[in-house]
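*Asks:* attaching a predicted model along with its sequence, questions to come.
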Amino acid sequence: EGEFEAERTDNEVKVIAHRGASGHAPEQTMPALNKAVKMESDWLELDIQMTADGELVAFHDDEVDRTTDKEGEVGDYTLEELKELDAGSWFNEEYPEKADESYEGAEILTLEEIFDEFGSDVNYYLETKSTYLNKDMEEPLVEMIEEYGFDEKDNVIIQSFHQDSLKEVHELNESIPLVQLLWWEVDEETGEKEEWLDITPAPSEMKDEDFEEISQYAVGIGPHLEYYDGTEVIDEDFVQRAREHDFMVHVYTLNEKEDMERLMDWGVTGIFTDFPDRLHNVLDER
Ligand code: G3P
Ligand code: CA
């Protein structure tokens, strides 16, 4: 299999706007997406979930509590109910130095609204999120991508922590490039690896077979750099091995210039960041 076409665009390392330019405006709302587009991001990263009435929306957390004025699980709301929520004011309260009145009352967006707004001028990096809650989202998601022709135009990547979800997408439409997100975490109390999403051994213990298994359906991997306590989980050797297996390596989520520079030196091919402008500056300096 050849390298995915999007890796052949100009930037040495792909700029993936994490939840839009979420360091500058409320995540996954129109202001954050508009800023990400203005900042010439290669990809708009969006977490996709399903409403109670089966609509696909861009939203990260399982609950609406952190980033809206209401409480409860996203999937318990109908689209009409979700549209009443204010998904912008929390940002102004949390980041007064970045606050902007226009963010107040920002809406949760459907994927359709986002596709209609930006069309095929931008690229979408869509995550099937929390599939234990958002059951059977793969089929409507793939159908919508096909409806817009984004599978044929290479406008979309689908990413997930959930291997089953990616395999299902691959069966539905094998032309959509897939990225397997990776998460390694050790339980703070037991010191054991947490099992919930742990589809691979620790990075240093990854065997060729582990990479090969993922390459059956995915063209990229998305590892994180650090554990919650700040210790690093991947290193240059891991990135190089993944590259030798022809994977795109897109690391999440880097917001510090020094980390961006260091990971580029390791050979990553894309970086998820809340600050696409900052990543562009780093790229320009190279
Ligand atoms: O999708 C890459 C990265 O966004 C994964 O972490 O929790 O921000 O979706 P999260
Ligand atoms: Ca994500």
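*Replies:* Happy to help now that I have it. It should be emphasised that the depicted structure is a prediction, and the values quoted were computed from it without experimental measurement. Ligands and ions are numbered 1, 2, ... in the order given.
*Asks:* next one: phi and psi at the residue of the stretch 101-250 of the chain found nearest ligand 1?
*Replies:* Shortest the stretch 101-250 of the chain-to-ligand 1 distance, computed as CB to the nearest ligand atom: residue-wise this is Glu127, at 4.8 Å. (C-beta placed from N, C-alpha, C; glycine too.) Main-chain torsions, Glu127, degrees, to the nearest 10: phi -100, psi 130.
*Asks:* tell me what it is bridged to.
*Replies:* On the basis of DSSP bridges, Glu127 is bridged to Asp47, Gln159.
*Asks:* that one is in contact with Gln49, isn't it?
*Replies:* No - using CB atoms under 8 Å, Glu127 and Gln49 do not qualify as a contacting pair, with a distance of 9.3 Å.
*Asks:* look at these two and report which has more neighbours.
*Replies:* In this view Glu127 and Gln49 are compared by other CB atoms under 10 Å, and Gln49 has more residues nearby, 27 against 23.
*Asks:* what sits against Ala58?
*Replies:* For Ala58, the contacting residues are Gln28, Leu46, Asp47, Ile48, Gln49, Ile108, Leu109, Thr110, Leu111, Ile114, by CB atoms under 8 Å, 6 or more residues apart in numbering.
*Asks:* pipe these into a markdown table and attach distance to Gln180 and pLDDT per row.
*Replies:* Formatted as a markdown table, those follow (distance: CB to CB, whole Å; pLDDT from 0 to 100):
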| residue | distance to Gln180 | pLDDT |
| --- | --- | --- |
| Gln28 | 22 | 98 |
| Leu46 | 17 | 98 |
| Asp47 | 16 | 98 |
| Ile48 | 16 | 98 |
| Gln49 | 19 | 98 |
| Ile108 | 27 | 98 |
| Leu109 | 26 | 99 |
| Thr110 | 26 | 98 |
| Leu111 | 21 | 98 |
| Ile114 | 23 | 98 |
